[in-house]
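Asker: only geometry, no sequence info:
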């Protein structure tokens, strides 16, 4: 479709640049025989929010066979200055314009100095994965702070999975038949304190003035018992980390937040 020396920019899934299948590998070989790959830009994975595709932009010079010594520019542009806001989509954080300008200056050859974690130039073959992550190597030695943060992230993830019923991910005993079970009474005060809910709220009478970011936890089988979001209500609160049993559905759930209790995560539905 392009004249010789014409420029073509195409946005495709990352898998296209990897070439996992023999069919894709043959396409990459044919592309280099007939055209020159100039740049590949790894985009924000939320560019197509909700679709689940990690996109890249590939830039070619048409009709000119790829020279083995040609340096291809690979850019990690995942941090493009946009972030996802629930029910809205991608929203600029104030840095998008500057980051876009930096990318354009790099592609024009006007940006001389840049770090390898942002962009790098290298020769390629058809067998390579045409992605920044394939060629980038982080030579920085991790600090003690990096190590501690990794451990903290792991422990936080393990705790989150455990309270959501996926503690088996960290248990070598995957077979339930290998687990030793013991009966216990719900009335045993050493394990549980039983009490009726303090809330006498009628869902149909809840107010919905702005902001609606307080979770209404009730006997719902979905979203960890969060039935809806509402405004702050003047009502007694149930304590957080309470195991609740639905009166009608007998659904059991452990909300990580109190009923109508404001938290930093209260605007996000829990799985």
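Answerer: Sure thing, it's come through. Remember, it's a predicted structure, so these values are computed and weren't measured experimentally. Numbers count the residues shown, from 1 in each chain.
Asker: the stretch 1-150 of the chain: helices as residue ranges?
Answerer: 14-18, 22-34, 96-108, 132-135, 144-163 (DSSP state H, counting those that start in this stretch).
Asker: and these: which comes nearest residue 49?
Answerer: Across the helices of the stretch 1-150 of the chain, residue 49 has its closest neighbour in helix 96-108 (15.1 Å, CB to CB). (C-beta placed from N, C-alpha, C; glycine too.)
Asker: adding mean pLDDT, write the helices of the stretch 1-150 of the chain out as CSV.
Answerer: Compiled in CSV, the helices of the stretch 1-150 of the chain are given as follows (pLDDT from 0 to 100):
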stretch, mean pLDDT
helix 14-18, 91
helix 22-34, 93
helix 96-108, 96
helix 132-135, 93
helix 144-163, 87
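Asker: any chance of those in a markdown table, with distance to residue 49 and mean neighbour count too?
Answerer: Compiled in a markdown table, those are given as follows (distance: least, CB to CB, whole Å; neighbours: other CB atoms under 10 Å):
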| stretch | distance to residue 49 | mean neighbour count |
| --- | --- | --- |
| helix 14-18 | 16 | 17 |
| helix 22-34 | 26 | 13 |
| helix 96-108 | 15 | 14 |
| helix 132-135 | 21 | 17 |
| helix 144-163 | 23 | 11 |
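Asker: who wins for proximity to residue 66 among those?
Answerer: helix 22-34 (4.0 Å).
Asker: what's the closest one packed up against?
Answerer: helix 14-18 (3 or more CB pairs under 8 Å, 6 or more residues apart in numbering; DSSP states H and E).
Asker: contact partners of the helix it packs on?
Answerer: 24, 40, 42, 54, 55, 56, 58, 129, 130, 131 (CB atoms under 8 Å, 6 or more residues apart in numbering).
Asker: and that helix, how far out from the chain's middle?
Answerer: Remark: helix 14-18 is offset 19 Å from the chain centroid, using CA atoms, centre = their mean, to the nearest Å.
Asker: got it, and stretch 100-116?
Answerer: 27 Å.
Asker: start and end of it, how far apart?
Answerer: With CA to CA, to the nearest Å as the measure, stretch 100-116 spans 17 Å from end to end.
Asker: before we move on, back to that, wait, which of the helices of the stretch 1-150 of the chain is closest to residue 169?
Answerer: Of all these, helix 144-163 comes closest under CB to CB, at 5.5 Å.
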